[in-house]
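S.K.: need the 3D shape of this:
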Amino acid sequence: MSQAVDPKDIEIAPLYIARQKIYPQSVAGKFRTIKWALMVFCLGIYYLLPFVRWDRGPDAPNQAVLVDFPNRRFYFFFMEIWPQEVYYITGLLIIAAMVLFLMNAVGGRLWCGYLCPQTVWTDLFYAVERWIEGDRRTRMSKDKQPLTPRRLLELATKHSIWLMIAWWTGGAWVLYFADAPTLVKQLATFAAPPVAYIWIGILTFTTYTLAGHMREQVCVYMCPWPRIQAALTDEWALNVTYRRDRGEARTSLKKAQELHAKGQPAGDCVDCNQCVAVCPTGIDIRDGAQLGCIMCGLCIDACDNVMVKVGRPTGLIAYDNDINIKRRLQAKPEIYRPLRPRTLAYAGVIVLVAGIMLYSVITRNLLGLSVVHDRNPLFVSLKDGSIRNGGTVRVLNKRNATRTYTLAVDGLPNAQVRVVGINADPTGAPVIIVGPDQTRELRVLVTAPADTKLGRSTPVSFRITDTISGETATAADHFIAE
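M.R.: Model prediction:
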């Protein structure tokens, strides 16, 4: 007969595991060097790019990269993108997505491990922390001890430097939206627009919080890419892998020597846990593929260093795939396939979109024209029997110099074109002057003589021509007669 269970004796598992603070240990090696180099490169671009100058003429901004919201322009070195050319931004986003997919297909989460802003800034914050507080064991020991004046000074120094980095991160971001030297001077004299201080405050808080405190929590819980990446990867992608075919059964160095002396098998893994100690997310790569692995390669460096010390071959942890693990167990040679339908498709899309954008830039027209036909009335019958249509033309001059254009209408023989408030040249074509990097909106009247044979709606084309370069732009419309 079963006995009743007291509800108090039932232990309920928590829905969420309490976070344990991670103390990544410093490590030296090939992948750590690559991460240092990429960190300096990425931060250098981010912080210094707003100060790079690019001469566009006397009346144009000379900042190489500038998002000019008041004038609705985006400047990128030699390019000036107008709101009507948002397709360039779309093309860049498509290329960025395909590059991300290609990186994943070739080497797993390379973006996460080396180039993601969260990784880059967290690495920087860790470097500051180690510089002030010491390496892994020292920091762990200090956190267990009671606070002392010296310890408080260390913490205050660390967080002050973190806040300075975070503040300059936010400050550098707003420099992309105004002339950098001017805005820096305004910020220093407290004369900058309030919106600049607001955004600097927001980005200071987020950088300090995400890189200084949340760290691996962002990668494991907040970022959607690990979930997406898992759906995009395949068996040929190279991921940071513990080669269990060589490492198991893991045991200490002394025990392994005893087993080898007895002729019994022993793996190369000496169970030193150095791969866990250096991991920025605190996982054990020997447990297999995990959501928390950002594939930064630091565990490879740590393991290789240990293998060198114990006199065993490096590469116990390496960029590899599960296919090769099975092949090695079957005494077959390793095989890699970086070129396969998936990677070729991604590369093809990148080349195609980049080619389209390059062709668009090369053949880009720096003159634009749009026409809006009057809605009411659609047409007017004059006393002499002629028909007149009215509308609005908008001329875009994308050059940094004042331009003069003539306006004409094609598709309507003997039509008279008049622009309200604009004089005509000797041929009767209206002459329109548009300032540098500006648009001009004008009212246009098109009149068809009484003897013109017209249908109910006749397709016409408005055409403007640069009087100096001969560059043209057209806009389609209809001449309404009934």
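
S.K.: only C-alpha atoms from now on, for both contacts and neighbour counts.
M.R.: OK.

S.K.: where does pLDDT dip in this protein?
M.R.: Residues of the chain meeting the criterion pLDDT under 70: 1-17, 260.

S.K.: now the helix of greatest length in it, how far from the chain's geometric center?
M.R.: Longest helix in the chain by number of residues, with DSSP state H as the criterion: helix 149-174. Average the C-alpha atoms of helix 149-174, do the same for its chain, and the two points are 26 Å apart (C-alpha atoms, centre = their mean, to the nearest Å).

S.K.: then stretch 426-444?
M.R.: Taking the mean of its C-alpha atoms, stretch 426-444 sits 40 Å from the chain's own mean (C-alpha atoms, centre = their mean).

S.K.: quick check: buried residues in that stretch?
M.R.: Taking 16 or more other C-alpha atoms under 10 Å as the basis for neighbour counts, the residues of stretch 426-444 that come out buried are Ala429, Pro430, Val431, Ile432, Ile433, Val434, Gly435, Pro436, Asp437, Arg443, Val444.

S.K.: just the closest of these to Glu258, please.
M.R.: Lowest distance from Glu258 to those (C-alpha to C-alpha) belongs to Asp437, with 80.5 Å.

S.K.: could you pull up the contacting residues of that closest one?
M.R.: Under the criterion of C-alpha atoms under 8 Å, 6 or more residues apart in numbering, the contact list for Asp437 reads Leu396, Asn397, Lys398, Arg399, Asn400, Ala401.

S.K.: who wins for neighbours among these?
M.R.: Of all these, the most densely surrounded is Asn397 (25 neighbours; neighbours counted as other C-alpha atoms under 10 Å).

S.K.: pretty sure that residue sits against Thr404.
M.R.: No: with contacts defined as C-alpha atoms under 8 Å, Asn397 does not count as touching Thr404, sitting 9.5 Å away.

S.K.: shared neighbours of the two, anything?
M.R.: When contacts are counted by C-alpha under 8 Å, 6+ apart, the set common to Asn397 and Thr404 consists of Val434.

S.K.: would you indicate which residues of the helix or strand just after the longest helix of the chain are buried?
M.R.: Scanning forward in sequence from helix 149-174 by DSSP states H and E, the next helix or strand is helix 180-188. For helix 180-188, the buried set under the neighbour-count rule, 16+ other C-alpha under 10 Å, comprises Ala180, Leu183, Val184, Leu187.

S.K.: how about those residues in CSV, adding distance to Ala172?
M.R.: Converted to CSV, those look like this (distance: C-alpha to C-alpha, whole Å):
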residue, distance to Ala172
Ala180, 9
Leu183, 10
Val184, 9
Leu187, 12
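
S.K.: now the strands for the chain?
M.R.: 65-68, 73-76, 79-81, 239-242, 317-320, 367-373, 380-381, 387-397, 403-410, 416-419, 431-434, 438-448, 457-466, 472-480 (DSSP state E).
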